[in-house]
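Visitor: Any chance you can model this:
(chains A and B)
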Amino acid sequence: MDPQEVDRISAQLTTVYGDSVKVGQDGQRRLVQIDKIELYPGCSPSHTAMLLVLDVAQPKPLVFVTPGQLLSNGRPPKNSSNILIAGQTWMQFSFNIPWSPGDNVIRFVAAARQRFAQNE
Amino acid sequence: MSRPLELRIPFRLGEVLQEHVYRQGSHEHVIFGLVSHSTRGNSTLLLLRDLIPLRESDYIPNAEHGASWRGSAMFPIMEAAMERGLGILIFHAHDHAGLPGLSRDDLQSADKLIPMFRKRVATRPHGTVVFSRTHASGLVWLPNSRKLEPLHRVRWFGSAIIDFDCTTKSNQESAISEVFARQALLLGKEGQAALNTSTVAIAGAGGGGSHVIQQLLYAGVGRIIVIDPDVYENSNRHRLVSAERKDLGCPKVDIFHRLARKIGLGGRVQRVRAAIPDSEAVQALLEADVIVGCVDTLFTRADLQEIASRYLIPYVDIGTTIRPLPDAAGGDPRVVVSGNVFSFIPGSFCMWCSGFLSDEKLKLEQNGPTRGYFEKNNQEAQVISFNGLVASQAVTEVFQLLTGFRGVGLSKADLEVPGNGVFRGYKKFDGVAGTLTEWGGARRSDCSHCRENLAAGDIIFSPVGQTNAA
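Guide: Residues are numbered from 1 along each chain as shown, chains lettered A, B, ... in the order given. Below you'll find the model as predicted:
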């Protein structure tokens, strides 16, 4: 994605999530953190922070949540593991949503959130 | 009570800084540092990322002041700080031994300049630091703080860790226990005292890590953080030193907690039953003076390297691989036993610079079957004597970092391998020949990991559209 796309995504997230969006820069990567995303009933905890990594070297945003997130069946998502991003631990999970330049990032976040409705 | 505040200065920048501030002339020499920071609980690290000196033409002749300079000289410094989102420290020196003091001029300059710096980058610390030849003093404004905080320590990285305290210690020589008297003949009384008060984190308490932990406990290291998520299993029994049969099924970290008590030389083991990069493990690593990595995978090494680079913590890594060669011709060796002892001195070359880590190798590891140190798989041989050899060398590297027993210095020459143009820190082990050879390495100017991670500290998150300014 190009730098304009990074700016557009950041702005779109702020428009929808307002004050709960914070942005940091790690080299060429922009890190956008949404402090609180409500998850599905039974998920533990019931909400999570979400990190979107917007990297000009990557074709689409990368999405992570707070480590330790469990599904409503009490298990972590399949193929999830912890990962270090800019010195902080985040949880990565299997997640495959198509992305094309200009796509709506809010739908992308909603799809990531939807992943936690699936008990696998 | 003020919070502990430490400034860390990587190799190479330290040499530049000292060369500049101790320069003799008609005025004191000032250099500006750009810093990131990291706050954990009640303590804050300041991490030096870059230096910007004043040019000689920037100084204004003024016999009444140590150094006066044109206000316009500050513009490029503040612009660089704003562009990179970093704090500004003003450095100068008083050329004597003992505790230096900030003069009235120094404090007046700080009063004038620090509010200007804060106005431009409110999210990072700013301050003023004066060095003597042995100590330092400083005052630092921290984000969200109302007053200037005193600096407690400056830590430089060269051939060893060199600390400049910001208080005078009592002259009383530290008494060395008879237990360590013969060790102190090599490490020195101060060196032994440094071991006793140091914290070393061991990532991975397996075949190599168990040797390292045991030796550090016997040597008198005060606090050892053992990080390992696993339990002791039958397949570990031939190589995990200090474990007993009754330990089967127990967390490995518990075995070493017990070992510390059994040895009884004052060393404590803090147990962290977690894997890298779990939050608990990462937080524990940040408390270490030195990290020793005894892990299996390159991914874990990449994480340890990032933490070490980002927060300026020396990192010693070990690993061995043993590969039988069943088809070897008669007379040829029937086995390859190879290994590394890699010491990362913050500011010197990293595992990425040396090619030990690369995106291609990580991709191979991720996609298997070559997960592990070199080409590890479940059938790889593990032999206690080879683990012990590289582990012993890792402990020697820790001794050097903490005590400087081989020599202490900040300059390039202090780390250079004579005649080779490379720096010490990468030893290759050949278990068949029985040799450990200094291979060395050099920092690559195009290493993106060094450029982005070295002294990067914590990421500062701000609301979208909000600049660094207050």
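
Visitor: where in the chain is pLDDT low?
Guide: No chain was given, so I picked chain A. Residues of chain A meeting the criterion pLDDT under 70: none.

Visitor: meant chain B, my bad for not saying
Guide: Residue ranges of chain B with pLDDT under 70: B:1-3, B:63, B:169-174, B:368-379, B:465-470.

Visitor: got the residues of it near chain A?
Guide: Within chain B, the positions near chain A by CB under 8 Å from any CB of the partner chain are B:38, B:85, B:275-279, B:282, B:303, B:306-307, B:310-311, B:448, B:451-453, B:456-465. Any C-beta I mention is one placed from the backbone N, CA and C, and that applies to glycine too.

Visitor: Give me the neighbour count for B:Pro245.
Guide: Rather than Pro, residue B:245 is Arg. Per other CB atoms under 10 Å in any protein chain shown, the neighbour tally for B:Arg245 reads 8.

Visitor: Count the residues that sit near the closest residue to it other than its chain neighbours.
Guide: Computed as CB to CB, 6 or more residues apart in numbering or on different chains, the closest residue to B:Arg245 that is not its neighbour in sequence is B:Arg237, at 7.5 Å. B:Arg237: 13 surrounding residues under other CB under 10 Å.

Visitor: now B:Leu185
Guide: Neighbour count for B:Leu185, taken as other CB under 10 Å: 11.

Visitor: Now for it: which residues touch it?
Guide: Residues near B:Leu185 by CB atoms under 8 Å, 6 or more residues apart in numbering or on different chains: none.

Visitor: again, but for A:Pro41
Guide: A:Pro41 sits next to A:Ser72 when contact means CB under 8 Å, 6+ apart.

Visitor: Got the phi and psi for it?
Guide: A:Pro41 adopts backbone torsions of phi -50, psi 130, taken as degrees, to the nearest 10.

Visitor: That one and B:Glu233: what is the separation?
Guide: Using CB to CB, to the nearest Å, A:Pro41 is found at 39 Å from B:Glu233.

Visitor: cool, B:Ala281 as well?
Guide: For B:Ala281, the distance to B:Glu233 equals 20 Å [CB to CB].

Visitor: neighbour-wise, which of these two wins?
Guide: B:Ala281 (25 against 12).

Visitor: Confirm B:Glu19 sits in a helix?
Guide: Yes - assessed by DSSP: H, G, I helix; E, B strand; the rest coil, B:Glu19 belongs to a helix.

Visitor: Out of the residues of chain B next to chain A, which end up buried?
Guide: Among these, the ones that count as buried by 16 or more other CB atoms under 10 Å in any protein chain shown are B:38, B:85, B:275-279, B:282, B:303, B:306-307, B:310-311, B:452-453, B:456-461, B:464.

Visitor: Adjacent strands (with direction) for the helix or strand hosting B:Ile225?
Guide: Assigned by DSSP states H and E, B:Ile225 belongs to strand B:223-227. With DSSP bridges as the test, strand B:223-227 is paired with strand B:199-203 (parallel), strand B:268-272 (parallel).

Visitor: Hmm, B:Gln366 is touching B:Thr297, no?
Guide: No - using CB atoms under 8 Å, B:Gln366 is not in contact with B:Thr297; the gap is 9.6 Å.

Visitor: who has more neighbours, the two?
Guide: Taking other CB under 10 Å, B:Gln366 and B:Thr297 do not tie; B:Thr297 has more neighbours (18 against 12).

Visitor: Check whether that one really touches B:Glu365, as I assumed.
Guide: Yes - under the criterion of CB under 8 Å, B:Thr297 makes contact with B:Glu365 at 6.3 Å.

Visitor: B:Arg133 - how many residues pack around it?
Guide: Neighbour tally, B:Arg133, other CB under 10 Å: 14.

Visitor: Also B:Gly71?
Guide: Count around B:Gly71 with other CB under 10 Å applied: 11.

Visitor: what do you get for B:Asn62?
Guide: 12.

Visitor: Likewise for B:Ile162?
Guide: Using other CB under 10 Å, B:Ile162 has 17 neighbouring residues.

Visitor: wait, it sits on B:Arg155?
Guide: Yes - contact status for B:Ile162 versus B:Arg155: in contact at 7.3 Å, counting by CB under 8 Å.

Visitor: List the contacts of whichever residue of the stretch 1-150 of chain B sits closest to chain A.
Guide: Proximity of the stretch 1-150 of chain B to chain A (CB to the nearest CB) peaks at B:Gly85, 6.8 Å away. Taking CB under 8 Å, 6+ apart, we find B:Gly85 in contact with A:Gln25, B:Val121, B:Thr123, B:Arg124, B:Ile460, B:Asn468.

Visitor: So which residues on chain A come close to chain B?
Guide: So chain A meets chain B at A:10-11, A:13-14, A:19, A:21-28, A:31-33, A:67, A:82-84, A:86-89 (CB under 8 Å from any CB).

Visitor: now, which of those residues lie within strands?
Guide: Of the residues of chain A next to chain B, the ones assigned to strands by DSSP state E are A:21-26, A:31-33, A:82-84, A:88-89.

Visitor: What subset of the residues you listed is buried?
Guide: Among those, the ones that count as buried by 16+ other CB under 10 Å are A:21-24, A:26, A:31-33, A:82-84, A:88-89.

Visitor: The residue lying closest to B:Ile225 once chain neighbours are set aside: neighbouring residues, count only.
Guide: Leaving aside its chain neighbours, B:Ile225 sits nearest to B:Ala201 (4.1 Å; criterion: CB to CB, 6+ apart). B:Ala201: 26 surrounding residues under other CB under 10 Å.

Visitor: what's the spacing between B:Ala203 and A:Gly102?
Guide: Counting by CB to CB - B:Ala203 and A:Gly102 are separated by 43 Å.

Visitor: In terms of packing, which of these two has more residues around it?
Guide: More crowded of B:Ala203 and A:Gly102, by other CB under 10 Å: B:Ala203, with 28 against 8.
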